[in-house]
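>>> Here you go, sequence then predicted model.
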Amino acid sequence: MENRDDYNDSSSPFPPKSIFGKLDFSQAKIRLNKVASEKQSIRDKPRHKELLGNEEENDRLRDYTFQAGLDEWYDKLKHNTFESEFVPIKAEEAKAIVSHWYKRGNISDYIGDMPKSLLPLTERIEQAITKNSWSDRGAFIKLSTRSPKDSETLLSKAKSRYKTRINTLRKQPSEREKKILYCEELVAAAAVHSGHEAISILLDSWRVIQDLESAFEEDGKPVYPLSVVVRKWDTRVTPQTEFRAFIWGGKLTCIGQYWHFLHLPELKDIKHEIAEDCCRFYEDHLKESMPVPNAMLDLAWLGPGQVLLIEINPLQEGMGDVAVSTGLFDFENKKDKAVLTGKAPFEIRLRIEDEGGEKGYSKMGYELKKMIDQAE
């Protein structure tokens, strides 16, 4: 998981899914820069120039995105992150996933079966899940670049889980509690137990489609290596334990809540301990093995002295919606940008109060608000 919320942020120079509307892309084919059909690609149209920049800049940002991929750093940092299995994606499988996305039209109007050509990939993912002793707890599925956190299948599953949980409560939760409960279920919903479940969430994620289109040329030639990554599921990772640390020029400059729209008062008295642990973890275990100089680190603080690396995300001006990705730090604000880029002293920021009503929901995204409302 565009609505200006961190859940839907896209670390990509390309336009968001919403601009496609109900246009017919059934003839679209995989290509790095253009779609091979009589229809001009949305990303090439002049009216999106402000989103795309020039082609040379796009190529630079695209290269930077793949340089930060999990496959680039896992071997060096595997003892500081979750156990992972890599399942390489073949060109014909990438093409089948992208073609499936475009053929079905608007995602909310489509229900279809998985393409048969993806059965081999499904089986390889299934094997990667079941071969591990931790498979009974589930696995987290992502590409070596980004996760399918915008998947409609995942969001629907979270909504169902949230509705069930709300119905078991003896008293009506507050608006703040509702947001926390939903985000907890959103995290839990990402656990999958089979290859078919994994493929289902990959097929309806625009983030996945973007990265596949960037990784393969139309003729199937790989521009960048790309894999489905099967990661060990850890139930200790919750919205209360996730933080985003910002690295600029190899220096950890600041830390904020990953779920930055949630007010979690239980963190107030331990925020300095969290900051100290995360900074020490970076200096002792990550700094020398960083794949890129500027990055956003998703970290799990699991208790005093216990920190794990969840993800390394690229951070560059011009890449996606930087203002959304940086959460409680506003990259477009002069003072905040100084903090982010290491020109001002280190800070850790938490949301100090709950912003109720429309203002509070705007921080998490109206799409998530709609799902909470629909589940009640």
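Here it is on my side, so go on. Numbers count the residues shown, from 1 in each chain.

>>> How about the secondary structure of residue 254?
With DSSP: H, G, I helix; E, B strand; the rest coil as the basis, residue 254 sits in strand.

>>> er, residue 309 I mean
Under three-state DSSP, residue 309 comes out as strand.

>>> Grab the nearest non-local neighbour of it.
residue 81 (4.3 Å; C-beta to C-beta, 6 or more residues apart in numbering). Using the backbone N, CA and C atoms, a C-beta is placed for each residue, glycine as well.

>>> What does that neighbour show for phi and psi?
Per-residue torsions, residue 81: phi -140, psi -170 (degrees, to the nearest 10).

>>> same thing with the one 10 residues further on?
Taking degrees, to the nearest 10, you get phi -60, psi -40 for the backbone angles of residue 91.

>>> Next, count neighbours for it.
The number of residues packed near residue 91 is 16, by other C-beta atoms under 10 Å.

>>> Quick check: it touching residue 218?
No: proximity of residue 91 to residue 218 does not meet the contact threshold set by C-beta atoms under 8 Å, at 10.1 Å.

>>> how about stretch 250-259 as PDB, C-alpha atoms only?
Output of stretch 250-259 as PDB, limited to C-alpha atoms (Å, rounded to 0.1, in the frame of the first residue of the first chain):
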ATOM      1  CA  GLY A 250      26.000   6.900   4.400                       C
ATOM      2  CA  LYS A 251      25.000   8.700   7.600                       C
ATOM      3  CA  LEU A 252      21.900   7.900   9.700                       C
ATOM      4  CA  THR A 253      20.300  11.300  10.000                       C
ATOM      5  CA  CYS A 254      16.800  10.700  11.600                       C
ATOM      6  CA  ILE A 255      14.200   8.100  12.500                       C
ATOM      7  CA  GLY A 256      10.400   8.200  12.400                       C
ATOM      8  CA  GLN A 257       7.500   5.800  12.900                       C
ATOM      9  CA  TYR A 258       6.800   3.700   9.800                       C
ATOM     10  CA  TRP A 259       3.100   3.900  10.400                       C
END
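
>>> before we move on, the earlier item: what is in contact with residue 91 and residue 218 at once?
Shared contacts of residue 91 and residue 218 (C-beta atoms under 8 Å, 6 or more residues apart in numbering): none.

>>> what bits of the stretch 251-376 of the chain have low per-residue confidence?
Scanning the stretch 251-376 of the chain for pLDDT under 70 picks out the ranges 318-324, 356-376.
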